[in-house]
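# predicted model and sequence below, questions to follow.
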Amino acid sequence: MIYDGQDIDMVWIDLDDTLIDFKGASRQALRQIYADERLDRFFPSPKAWETSYEKHNYHLWQLYSGAQVDQATLRMERFRLPLTETDVADEIARAMSTRMDPVYLGYLAEASVLLPGAMPLIESLKGMGLPIGILSNGFTEVQEHKLRVTGLDKVIDIMVLSDEIGINKPNVALFDHAMKRAGQSVPSAQLMIGDNATTDIAGAISAGWNAILYDRSLPLLHTRGKGYHMVSDLEHIPFLLSHND
């Protein structure tokens, strides 16, 4: 297949908020945690808890993607910090965070559902004869669980996770590692599809890959970014590919 004048041998897709509704699953999991832990003692509503958690989680993931904090710090601090802001003692907040983290991740995986167009996209790409890989910064045990829950494990060819080498997107080393794992040798023959302009798209382009940004907020079905296409509908992506015969 050809994309933007380049022969494409393999398609890579981000998992969270590209194929799977991460935000929806996370909020459902956070509401369950709110009830389990009786967080109404500290937060006036589930929404207030979600908002505080998401603020800290977003910032910590930015640091984690830039290798400024490790995974253990991210997983502790995203629960600890919201609690300490409500004047929960640090020792208690740490104990609660340690308890909540694995429970949240279990709820998160179980609540995972595919975004509209995710399976039709994969079926179209497979019908074109293209192997499909998942390339994600997510945690191994959680991402594998999500694949099983959503049925993606039956339709993709390989999943490569940052956990494998301790390096996250957008670091070029992870993209190079993914190619080696998949037996690919030509960067320009790789196509990355993702929702994050920094980790997915900029990372892929730095590695010499092609890229498509998936942004559900775009007012148009398809538009052009600097060096890549942008789509608001996953099912439009196959129309950007053409046969090389």
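That came in fine, so what should we check first?

# buried residues in stretch 78-93?
78-84, 88, 93 (16 or more other CB atoms under 10 Å). (C-beta placed from N, C-alpha, C; glycine too.)

# could you give the number of residues near the nearest residue to I20 once chain neighbours are set aside?
Distances taken as CB to CB, 6 or more residues apart in numbering place S112 nearest to I20, at 5.1 Å, with adjacent residues excluded. Residues lying near S112 (other CB atoms under 10 Å) number 27.

# S112 reaches E144, doesn't it?
No - S112 is beyond contact range of E144, at 11.4 Å (criterion: CB atoms under 8 Å).

# mind listing what's buried in the helix or strand of the chain with the lowest mean pLDDT?
When each helix and strand of the chain is scored by mean pLDDT, DSSP states H and E, strand 222-224 comes last, with a mean of 84. For strand 222-224, the neighbour count (16+ other CB under 10 Å) marks no residue as buried.

# now do that strand: which elements does it pack against?
strand 229-231 (3 or more CB pairs under 8 Å, 6 or more residues apart in numbering; DSSP states H and E).

# now do the strands in the chain.
Secondary structure of the chain (DSSP state E): strands located at 2-3, 6-7, 10-13, 132-136, 158-161, 190-194, 210-214, 222-224, 229-231.

# I would like the residues contacting the fourth one, please.
The reference is to strand 132-136. Residues outside strand 132-136 that contact it (CB atoms under 8 Å, 6 or more residues apart in numbering) are 10-16, 19, 122, 125-126, 143, 147, 152, 155-162, 169, 174-175, 178, 182, 192.

# let's see 7 Å
10-16, 122, 125-126, 143, 156-161, 178, 182, 192 (CB atoms under 7 Å, 6 or more residues apart in numbering).

# with the fifth one instead?
Contacts of strand 158-161 with the rest of the structure, by CB under 7 Å, 6+ apart, involve 133-136, 138, 140, 143, 147, 177-178, 181-182.

# so which pair among those is furthest apart in space?
The most widely separated members of the contacts of strand 158-161, counting by CB to CB, are L147 and H177 (19.1 Å).

# which one of the two is surrounded by more residues?
The residue with more neighbours, out of L147 and H177, is L147; 21 against 18, by other CB under 10 Å.

# which ones are touching the more buried one?
So L147 contacts 153, 159 (CB under 7 Å, 6+ apart).

# give me the below-cutoff pLDDT ranges for the chain.
Low-confidence segments of the chain (pLDDT under 70): 244-245.

# quick one: the helices in it?
In the chain, helices defined by DSSP state H lie at 22-36, 46-65, 71-84, 90-110, 118-127, 140-150, 172-182, 203-206, listed in chain order.

# please work out which of these is packed deepest.
For those, the largest average neighbour count (mean count of other CB atoms under 10 Å) is found in helix 203-206, namely a mean of 21.

# can you show me the CA trace of that one as PDB?
The C-alpha trace of helix 203-206 is given here as PDB (Å, rounded to 0.1, in the frame of the first residue of the first chain):
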ATOM      1  CA  GLY A 203       7.800  10.600  17.800                       C
ATOM      2  CA  ALA A 204       7.000   8.700  14.700                       C
ATOM      3  CA  ILE A 205       8.200  11.400  12.400                       C
ATOM      4  CA  SER A 206      11.400  11.800  14.300                       C
END
